[in-house]
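J.: just a sequence and a predicted model for now, questions to come.
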Amino acid sequence: MRIIAVMPLDQLFRALGDPTRLRLINLMSEQEICVCYFIEVIGAPQPKISRHLAYLRKAGIVAARRDGKWMHYRLTMPQNTHAASILQGTIKALKQDRQMLRDWERLNRACCGPRSLVQVLGAPLPSQTGTLRP
C-alpha cells in the first residue's frame, strides 16, 4: 500500500473550518473567478478576501493566475485521495446550503446584471473550469 502524504488532513480541515473560506470554495467550485467578484458577492474588504485566498493557496486547494491587473482563482483537487474525497463532499454539501445558494445568485447579478462588474469595472467574466484541476 502506497501512502501519499501530499496534504496533511489537519491542514485541509483547518482550511475548511472558516465560513468565509467555505463561501470562497463554493464560488470557485465550478469556475475560475476574479477576486473582484469575491469582494462584491461576500461583501468583505479586499484584504480579508486576499488573506483567506492566501490561506487556501497555502493549503494547496486553490491556484491563482494573473491576467493583466486581474487575479483569477480556481480550486485544485488534492492528490491525496482522502483529502480529495473530503473536498468533493464539502463542495456537494455547500451546494445544498441556503447561504451558498444566495452567494451564487449574487455572483450571477454581479456578472450579468444591469450594473454588472463587467460593465462597471471591465472585470472579466468567471470562466467555467468544468473539472477541478490538480
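T.: Structure's in. What do you need?
J.: pLDDT wise, what is the closest residue to R14 other than its chain neighbours at?
T.: Leaving aside its chain neighbours, R14 sits nearest to A59 (7.4 Å; criterion: C-beta to C-beta, 6 or more residues apart in numbering). Using the backbone N, CA and C atoms, a C-beta is placed for each residue, glycine as well. Looking at A59, its pLDDT is 91.
J.: pretty sure A59 is touching D18, no?
T.: No. Proximity of A59 to D18 does not meet the contact threshold set by C-beta atoms under 8 Å, at 11.0 Å.
J.: ok, the two, which is more surrounded?
T.: A direct count of neighbours by other C-beta atoms under 10 Å for A59 and D18 places A59 higher, at 20 against 14.
J.: the more buried one and K69, how far apart?
T.: 26 Å (C-beta to C-beta, to the nearest Å).
J.: before we move on, the earlier item: tell me the backbone dihedrals of the residue nearest to R14, please.
T.: Main-chain dihedrals, A59, degrees, to the nearest 10: phi -70, psi -10.
J.: so which bits of whichever strand or helix holds A110 are buried?
T.: Assigned by DSSP states H and E, A110 belongs to helix 98-112. For helix 98-112, burial by neighbour count (16 or more other C-beta atoms under 10 Å) applies to 100, 103-104, 106-107, 110-111.
J.: and stretch 69-83, by the same measure?
T.: Residues 71-78, 80, 83 are the ones in stretch 69-83 that count as buried (16+ other C-beta under 10 Å).
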